[in-house]
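Participant: Coordinates for the following, if possible.
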Amino acid sequence: MSDSLVFIKVPGLPEVMPGDDLASLLERALGISPDLTLRNGDVVVVAQKIVSKAENRYIELDSVTPSAQARELSQRCLKDPRLVELVLRESTDVVRVAPHVLIVRHRLGFVVANAAIDQSNLPSGSERALLLPQDPDASAQALRLQLEQRYGVKLAVLISDSFGRPWRLGVSGVCVGCAGLQPLVDLRGTNDRSGRPLQVTQIAAADQLCATATLVCGEAAEGTPVVIVRGVAAEYLENPRGASALVRPLEQDLFR
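Facilitator: Numbering: from 1, shown residues only. Take a look at the predicted model:
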C-alpha cells in the first residue's frame, strides 16, 4: 500500500430499488458534493445489499415451500423453514448446525452463515429475504466499466459483505465481488527485513479494504453504502482478478 489511505463516504444515495442503475445513482450522489469525484486509481467499495437490491435478488418467503431436509434442519437451528430452504438452494454443503446457527458452503465457495441471505434493512413488515448477487464478480466488473466510461478514469470496484469468522466474535467486512484489483497479493518468495524469503504470506488486500470501508460505512441504519478508497498502491491494481481468488480450495480445508 501507499504511505496513506483515505476512505471517503459517499452520502446522498436514495433507497435502491429493483432495476435501478447504480452507476447513475452514484453519479448523482457524487454531484451533490462539489468536492467529491472519482479519480484515477480510486477503489469504489459498494455494499452487497444495494447491488442485490438493484438486481432484484429478493425472494418472497411465502413463495418458498420447504423441503423435508429444510424442515428437519429448521428444528435443529430454530430458524424459519422457508429461510432454511433458501439457504439450501444457495449452498453446496451444510457445514455446521446448532441452535440459531446454520453455516454452509455457498455455491460461490464462501463458508458463511445462512448462505449470506439477509433480512435486515429491508422494508419494515416485509416477508422477504435478500440473496447475494448471482455473480458478484460480474456485477463489480459491470459497475466498474460504467463508472470508468462516465468519469474517464481507471478504477477498481469491490462489493463488500459482512461475514462472521471462526474463533472470533463479531462480523467483519469481506470482499464478495472484485474488479480491477488484485484481491490476493502473493508475497511468497520476497524477503523479509532479515533477508529471509517469505514462504506463506499472502495478503487478502480486497478483504482488508472492505473491512475498513465497512467500518467507515457502518452496519446498522447509517445509510451510506458506498465508500471511495484513495491511495491504494498502483501495483495492487495490476493483474486484477475476481473475489473467487480468495476462496480456499476444498483440498486445503484443514478443518473438515
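Participant: From here on, just use CA atoms for contacts and neighbour counts.
Facilitator: Fine.
Participant: any idea how far the closest residue in space to Leu108 that isn't next to it in sequence is from Asp207?
Facilitator: Leaving aside its sequence neighbours, Leu108 sits nearest to Ser244 (CA to CA, 6 or more residues apart in numbering; 7.5 Å). In this view, Ser244 and Asp207 are 12 Å apart by CA to CA, to the nearest Å.
Participant: Neighbour count for the two, which is higher?
Facilitator: The residue with more neighbours, out of Ser244 and Asp207, is Asp207; 24 against 18, by other CA atoms under 10 Å.
Participant: Quickly list what the closest residue to the more buried one other than its chain neighbours is bridged to.
Facilitator: Computed as CA to CA, 6+ apart, the closest residue to Asp207 that is not its neighbour in sequence is Val174, at 4.5 Å. Beta-bridge pairing for Val174 (DSSP bridges): Asp161.
Participant: Which stretches in the stretch 1-150 of the chain count as helices?
Facilitator: 22-32, 48-54, 68-77, 81-89, 136-151 (DSSP state H, counting those that start in this stretch).
Participant: quick one, which of those helices is nearest to Arg96?
Facilitator: Smallest distance to Arg96 across the helices of the stretch 1-150 of the chain (CA to CA): 9.6 Å, for helix 68-77.
Participant: Against which helices or strands is that closest one packed?
Facilitator: Judged by 3 or more CA pairs under 8 Å, 6 or more residues apart in numbering; DSSP states H and E, helix 68-77 is in contact with helix 81-89, strand 91-98.
Participant: Go ahead and confirm Ile228 touches Val43.
Facilitator: Yes. Using CA atoms under 8 Å, Ile228 makes contact with Val43 at a distance of 5.8 Å.
Participant: When those two are compared, which one has more neighbours?
Facilitator: Taking other CA under 10 Å, Ile228 and Val43 do not tie; Val43 has more neighbours (27 against 21).
Participant: Provide the partner residues of the more buried one in its beta bridges.
Facilitator: Counting by DSSP bridges, the residues bridging with Val43 are Ala156, Val229.
Participant: Quick check: pLDDT value at it.
Facilitator: Looking at Val43, its pLDDT is 97.
Participant: Give me the distance between it and Asp137.
Facilitator: Val43 is 15 Å from Asp137, by CA to CA.
Participant: Tell me where the stretch 101-250 of the chain has strands.
Facilitator: Assigned by DSSP state E, counting those that start in this stretch, the stretch 101-250 of the chain shows strands spanning 101-106, 111-113, 128-130, 156-165, 168-179, 185-186, 202-203, 226-230.
Participant: partners of the second one in the sheet?
Facilitator: Within its sheet, strand 111-113 is paired with strand 101-106 (antiparallel), according to DSSP bridges.
Participant: Of all the residues in the strand it pairs with, which ones are buried?
Facilitator: By 16 or more other CA atoms under 10 Å, the buried positions in strand 101-106 come out as 102-106.
Participant: can you give me the angle it makes with helix 81-89?
Facilitator: Counting by axes from the mean of the first three to the mean of the last three CA atoms, to 10 degrees, strand 101-106 points 30 degrees away from the direction of helix 81-89.
Participant: Run the chain-centre distance for strand 101-106.
Facilitator: Centroid separation between strand 101-106 and its chain, computed with CA atoms, centre = their mean, to the nearest Å, is 16 Å.
Participant: which residues sit in contact with Val97?
Facilitator: Val97 sits next to 73, 76-77, 103 when contact means CA atoms under 8 Å, 6 or more residues apart in numbering.
Participant: are any of those residues buried, and which?
Facilitator: Buried, going by 16+ other CA under 10 Å: 73, 77, 103, out of those.
Participant: of the helices of the stretch 1-150 of the chain, which approaches Glu127 most closely?
Facilitator: helix 81-89 (10.3 Å).
Participant: buried sites along the closest one?
Facilitator: 81-88.
Participant: if we can go back for a sec, isn't the residue nearest to Leu108 up against Arg107?
Facilitator: No. If you go by CA under 8 Å, Ser244 and Arg107 don't touch, sitting 11.2 Å apart.
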